[in-house]
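Colleague: Below is the structure, and that's it, no one-letter string:
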């Protein structure tokens, strides 16, 4: 059978689930209007901004999102150590590019307990390509940061630098990459998902498991490495409630390296799986018998939008559904298409027994992987019909020299027959069913869109696998001589566990044409320098590693740099 599962514990359709979850998140926009008598914060005896910091995001030519969340005590899951139900938070923007740094805008908004005291200010009427300082105040306390608007729509910038990253598990290593990335002065940072992890370290890497013996070609990069810190809260099981998700975001945000990046650079975000649950697919849990997954998903979605600097006006209301996938234009130089590859996808193919989620299986053993339709008649989707049509339109109408598809998982066709989890290299192609290679027909739709618009210079950026990769996305994945439609650049993890993928690149691994380069030995991030003529990508690694005692003991070094010339989809090392 195809392994298709019905949503557990409810008769809701996928549309019902998505609308309900997103509408609850969007309700945070309307909630402040109910609190005309909010407190001024005059009686506060501690700084409500210090614990979680401030942030900005979703830059446009005339606007930016400003974010903060008030908290004094993360253990208090209702009031977060605050005494009042609602507070009036003041904010201001200063033009840092103008002499005297004049105030550009001021305003006030309401932080309420019902949305975890999160604040989203969508400032508009700003100047394009301009640095702004922003500040929140409450009572005697304040917090400030810097941000940057996008170039004007008709501008032709000579150059643009941005960064991208993913996978920031709290306990395995320190997220030094966040601060180093911000200090490289990108105009914005793209986060491709796994901003938080829903489970504690021991739930992913059990202490009582027998260590897997290494193959001769499979050096263990992290053998003997101990975690660098422990989560303090909600360690017993995967988090489920809204308070737990809010607390998990809060605990991650106490990290000074993450706070530095958010305070100094605008973020553009999408999610992958761990913001909800490992390897979930649409409304399907990785645990087949889960009866509480839909409510957990709703809680997770709401906490995601509360805790990140995302433009809430893009979220749905009951009568007008909107979505997380969206695009950003940086003049006529770059269009950034942020995709959502979790919310609309079909269940992974050929699940077995109670095992949901991804698994490595022989390609030949599962016809559903190559089919557009399951044997039960369901379309095998990754992005869904609406998002796929949207992407085709974004590509067709783009005035930009470069068009980037940003999403969580590796898009190039990867054969995992040489994976180090196998005691021997397999003799047949192996597919990881949670990746794009587990949704071959859906992936071909996206490849065909890029192929149709190769003159728009498509570039794919991805995360998820905790390794730097450079790959080729081929027009026909079955033909090693097929032309490269687009290069793909995959970033390593900010701080999640590392794995040895080097055998994938070696002869006999099945990826000789697909994988161009790799660095799976380090944590890090990726920098992109874009001009009209070239798209240069530099993979950065944290050395000696991200487990050293302090950021003063670490360095950011170059793993490799690749250049893609306009009109040529081949990535070339420089």
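Modeller: That came in fine, so what should we check first? All values derive from a computational prediction rather than experimental measurement.
Colleague: low-scoring stretches of the stretch 1-150 of the chain, by residue?
Modeller: 1-36 (pLDDT under 70).
Colleague: Helices of that one, start to end?
Modeller: 14-30 (DSSP state H, counting those that start in this stretch).
Colleague: Same question for the stretch 151-300 of the chain.
Modeller: According to DSSP H, counting those that start in this stretch, the helices that the stretch 151-300 of the chain contains are 176-183, 201-204, 242-253, 256-264, 293-307.
Colleague: same question, the stretch 301-450 of the chain
Modeller: Going by DSSP H, counting those that start in this stretch, the stretch 301-450 of the chain shows helices at 385-397, 440-452.
Colleague: related to what we said a few turns ago, rank the helices of the stretch 151-300 of the chain by pLDDT, which is bottom?
Modeller: Sorting the helices of the stretch 151-300 of the chain by mean pLDDT places helix 201-204 lowest, at a mean of 85.
Colleague: Contacts for that one next, please.
Modeller: 169-172, 197, 227, 230-231, 235, 237-238, 278, 497 (Cβ atoms under 8 Å, 6 or more residues apart in numbering). (Glycine included, C-beta is placed from N, CA and C.)
Colleague: if we can go back for a sec, buried deepest among the helices of the stretch 301-450 of the chain, which one?
Modeller: Mean neighbour count (mean count of other Cβ atoms under 10 Å) peaks for helix 440-452 among those, with a mean of 20.
Colleague: Compute the inter-axis angle for that helix and helix 385-397.
Modeller: Orientation check (axes from the mean of the first three to the mean of the last three Cα atoms, to 10 degrees): helix 440-452 against helix 385-397 gives 10 degrees.
Colleague: So what touches the following helix or strand past helix 440-452?
Modeller: Sequence-wise, the next helix or strand downstream of helix 440-452 (DSSP states H and E) is strand 458-462. Under the contact criterion Cβ under 8 Å, 6+ apart, strand 458-462 has outside partners 164, 190, 192, 395, 402-412, 450, 473, 485-491, 526, 528, 535, 564, 569.
Colleague: List buried residues within these.
Modeller: Among the contacts of strand 458-462, those scoring as buried are 164, 190, 192, 395, 402-412, 450, 473, 485-491, 526, 528, 535, 564, 569 (criterion: 16 or more other Cβ atoms under 10 Å).
Colleague: Could you verify my assumption that residue 67 touches residue 119?
Modeller: Yes - between residue 67 and residue 119 there is a contact under Cβ atoms under 8 Å: 6.5 Å.
Colleague: Who has more neighbours out of the two?
Modeller: Taking other Cβ atoms under 10 Å, residue 67 and residue 119 do not tie; residue 67 has more neighbours (26 against 23).
Colleague: Okay, that one and residue 201: tell me how far apart.
Modeller: 28 Å (Cβ to Cβ, to the nearest Å).
Colleague: picking up where we left off before, want to try JSON lines for the helices of the stretch 301-450 of the chain, with distance to residue 178 and mean pLDDT as columns?
Modeller: Conversion of the helices of the stretch 301-450 of the chain to JSON lines gives the following (distance: least, Cβ to Cβ, whole Å; pLDDT from 0 to 100):
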{"stretch": "helix 385-397", "distance to residue 178": "29", "mean pLDDT": "96"}
{"stretch": "helix 440-452", "distance to residue 178": "30", "mean pLDDT": "97"}
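Colleague: would you list those helices in CSV and tack on distance to residue 522?
Modeller: Formatted as CSV, the helices of the stretch 301-450 of the chain follow (distance: least, Cβ to Cβ, whole Å):
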stretch, distance to residue 522
helix 385-397, 32
helix 440-452, 28
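Colleague: Of those, give the one that comes closest to residue 372.
Modeller: Nearest to residue 372, of all those, is helix 440-452, at 3.8 Å by Cβ to Cβ.
Colleague: contacts for that closest one?
Modeller: Here helix 440-452 has contacts from 345, 369-372, 380-383, 388, 391-392, 395, 405, 411, 413, 436-437, 458, 460, 473-475, 477, 485-486, using Cβ under 8 Å, 6+ apart.
Colleague: can you list the weak-confidence ranges in the stretch 351-500 of the chain?
Modeller: 353-355, 375.
Colleague: Show me where it has its strands.
Modeller: Here the stretch 351-500 of the chain has its strands, by DSSP state E, counting those that start in this stretch, at 360-362, 402-406, 430-432, 458-462, 468-474, 484-490.
Colleague: what are the pairing partners of the fourth one, and which direction each?
Modeller: Looking back up the chat, that one is strand 458-462. strand 402-406 (parallel), strand 484-490 (parallel) (DSSP bridges).
Colleague: now swap in the fifth one and tell me
Modeller: Each strand paired with strand 468-474, and its direction, by DSSP bridges: strand 484-490 (antiparallel), strand 515-519 (antiparallel).
Colleague: In TSV: those strands, plus distance to residue 335.
Modeller: Output for the strands paired with strand 468-474, formatted as TSV (distance: least, Cβ to Cβ, whole Å):
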stretch	distance to residue 335
strand 484-490	14
strand 515-519	24
